[in-house]
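# dropping a prediction and its sequence here:
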Amino acid sequence: MNSLPVPSAAFRLEPFTPPWGLRNPHMQSVLANGLRPQTGVSFRRQRLDTPDGDFVDLDFADVAGASWADLGDKAAIVLLLHGLEGSARRGYACETYKPARGIRAVGLNFRSCSGEMNRTAYLYHAGATGDVALVMNWLGNQFPGVAKGMVGFSLGANVLLKYLGEREDEVEGQVATAVAVSPPFDMVAGSQAFNQGHGRLYARLFLRTLKEKTRAHTALLADKIDVDQVLRAQTVAEFDDALTAPLHGFRDAQDYYTRCGAGRFLPGVRVPTLLLRARDDPFFGDDLHLVSQAANPFLVPGFTDHGGHVGFLEGLIPRRFWAERQAARFLAHYLNASARGS
């Protein structure tokens, strides 16, 4: 196995030390999501048509004083992948764009997540890497010779790791580095955590919007799935059994989780990739051991005792978000090295 490309100065994570009052994982998961501002960034939208007659929307992020125009044609580019029922304009996305340290940022809105429903029955899921490949190829053609990185959150982090691990030949020379924030490694274990205790409360929030989209898409979906069964789903696993699996070629939810969980793709990752996960993440089961089992020197574990799910809130006054800052630092570290030919 190749060794990890190391720039002239080794990367070191800053410690995550939330105050005692912010160490509860549920407080982290909920509070951080609500407190992340969506200000300070403006967006330019670009629509790409997909080969199957659908589309995906890209949001190019311009930060005051560091817009794409300000940074110039040589600046590195990072593609952001959002989480379940999120978008490229969510708070964690904006917090990532702002401290990007001289990097141009663009977010991919998964199908149905840009504010406009897509044209086909195909939606998105944790293993859907086709649109990511389409976008990365497009970025490569539009901005040749520019170092490129990727960052994903939650479901988007799973998509990212699957993309890197299953398409290593395609990724080579196209992606210089990546960061996965709060990724699931074992989606089967994650489903079990999501379907009991506090997990069911989070699941209800996601199910509300997922069912709304199902209703809006009924005309396209009715001959492919049992819409009534989808709308009766009480857990995400039941929703995946009724919609995600049959719509996207999986036998059932278990088959979907088994085939798409990021853990099985970790050995194939061949670019420096930072993995940020809290050990108290309430969305997932005990799956961090899969990282060490992968025995892949390209993976840089950044596991913290606290932080919840996409939380990592360091303080309230001022508001400080650890994960986005570490992601920006890591990306800049390796993208700058790539640009120098290190």
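Thanks, I have the structure now.

# in the stretch 1-150 of the chain, which spans are helices?
Per DSSP state H, counting those that start in this stretch, the stretch 1-150 of the chain carries helices over the ranges 25-35, 68-71, 91-97, 130-142.

# of all those, which one is nearest Arg12?
Nearest to Arg12 among the helices of the stretch 1-150 of the chain is helix 91-97 (19.5 Å), distances taken as C-beta to C-beta. Using the backbone N, CA and C atoms, a C-beta is placed for each residue, glycine as well.

# so for stretch 153-166, mean pLDDT?
Taken as a whole, stretch 153-166 has an average pLDDT of 98.

# off-centre distance for that stretch?
7 Å (C-alpha atoms, centre = their mean, to the nearest Å).

# same deal with stretch 213-222?
So, by C-alpha atoms, centre = their mean, the centroid of stretch 213-222 is 25 Å from its chain's centroid.

# next, the buried residues of it.
Across stretch 213-222, burial judged by 16 or more other C-beta atoms under 10 Å covers 213-214, 217, 221.

# same deal with stretch 59-71?
If you call a residue buried by 16+ other C-beta under 10 Å, then stretch 59-71 has these buried ones: 59-63, 66, 68, 71.

# any chance you could list what contacts it?
40-46, 75, 87-89, 93-94, 97-98, 100, 102-107, 109, 114 (C-beta atoms under 8 Å, 6 or more residues apart in numbering).

# and Glu172, what pLDDT?
88.

# got phi/psi on it?
phi -60, psi 130 (degrees, to the nearest 10).

# need the contact list for it.
Arg270.

# 6 Å instead?
The contact partners of Glu172, by C-beta atoms under 6 Å, 6 or more residues apart in numbering, come to none.

# again, but for Asp228
Contacts of Asp228 (C-beta under 6 Å, 6+ apart): none.

# wait, is it part of a helix?
Yes - according to DSSP: H, G, I helix; E, B strand; the rest coil, the state of Asp228 is that of a helix.

# from Leu221, how far off is it?
As judged by C-beta to C-beta, to the nearest Å, Asp228 and Leu221 stand 11 Å apart.

# so Glu212, which state does it fall into?
helix.

# deepest-packed of the helices of the stretch 1-150 of the chain, please.
Stretch with highest mean neighbour count among these: helix 91-97 (a mean of 26; mean count of other C-beta atoms under 10 Å).

# just the residues contacting that helix, thanks.
36, 38, 41, 61, 63, 80, 105, 107, 153, 310, 321, 324, 327.

# now stretch 98-116
Stretch 98-116 is contacted from outside by 40, 57-61, 63, 68, 71, 75-81, 87-88, 93, 97, 118, 123-124, 135, 213, 325, 328, 332, using C-beta under 6 Å, 6+ apart.

# measure stretch 299-308 end to end?
21 Å (C-alpha to C-alpha, to the nearest Å).

# do the same with stretch 210-227
Per C-alpha to C-alpha, the first residue of stretch 210-227 is 12 Å away from its last.

# where exactly do the strands run in this structure?
Taking DSSP state E, the strands of the chain run over residues 41-49, 55-63, 77-81, 104-109, 148-153, 177-181, 273-278, 299-304, 313-315, 320-321.

# would JSON lines of the ones you listed with distance to Glu166 be doable?
JSON lines is the format used below for those (distance: least, C-beta to C-beta, whole Å):
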{"stretch": "strand 41-49", "distance to Glu166": "21"}
{"stretch": "strand 55-63", "distance to Glu166": "19"}
{"stretch": "strand 77-81", "distance to Glu166": "15"}
{"stretch": "strand 104-109", "distance to Glu166": "18"}
{"stretch": "strand 148-153", "distance to Glu166": "14"}
{"stretch": "strand 177-181", "distance to Glu166": "14"}
{"stretch": "strand 273-278", "distance to Glu166": "14"}
{"stretch": "strand 299-304", "distance to Glu166": "15"}
{"stretch": "strand 313-315", "distance to Glu166": "33"}
{"stretch": "strand 320-321", "distance to Glu166": "30"}
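
# can you list the domains in this structure?
20-186+262-339, 187-260 (automatic domain parsing).

# okay, those domains in CSV with distance to Glu14 next?
Shown next, in CSV, are the domains of the chain (distance: least, C-beta to C-beta, whole Å):
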stretch, distance to Glu14
domain 20-186+262-339, 6
domain 187-260, 27
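
# of those, which stretch is the most buried?
Mean neighbours per residue, mean count of other C-beta under 10 Å, is largest over those for domain 20-186+262-339, with a mean of 20.

# residues contacting Pro25?
280, 282, 308.

# farthest pair within the contacts of helix 91-97?
Across the contacts of helix 91-97 (C-beta to C-beta), the longest gap, 20.6 Å, separates Val63 and Val310.

# one step back: least confident of the buried residues of stretch 59-71?
Ala66 (88).

# how close does that residue get to Gly72?
Taken as C-beta to C-beta, the span from Ala66 to Gly72 is 11 Å.

# and for His198?
Counting by C-beta to C-beta - His198 and Gly72 are separated by 47 Å.

# check what pLDDT Leu210 gets.
So Leu210 comes in at 95 (pLDDT).

# so, low pLDDT: which residues of the stretch 1-150 of the chain?
Along the stretch 1-150 of the chain, the model assigns pLDDT under 70 to residues 1-9, 100.

# which other residues reach stretch 277-293?
Residues contacting stretch 277-293 (C-beta under 6 Å, 6+ apart): 25, 182, 184-186, 189-190, 192-193, 198, 263, 301, 303-309.
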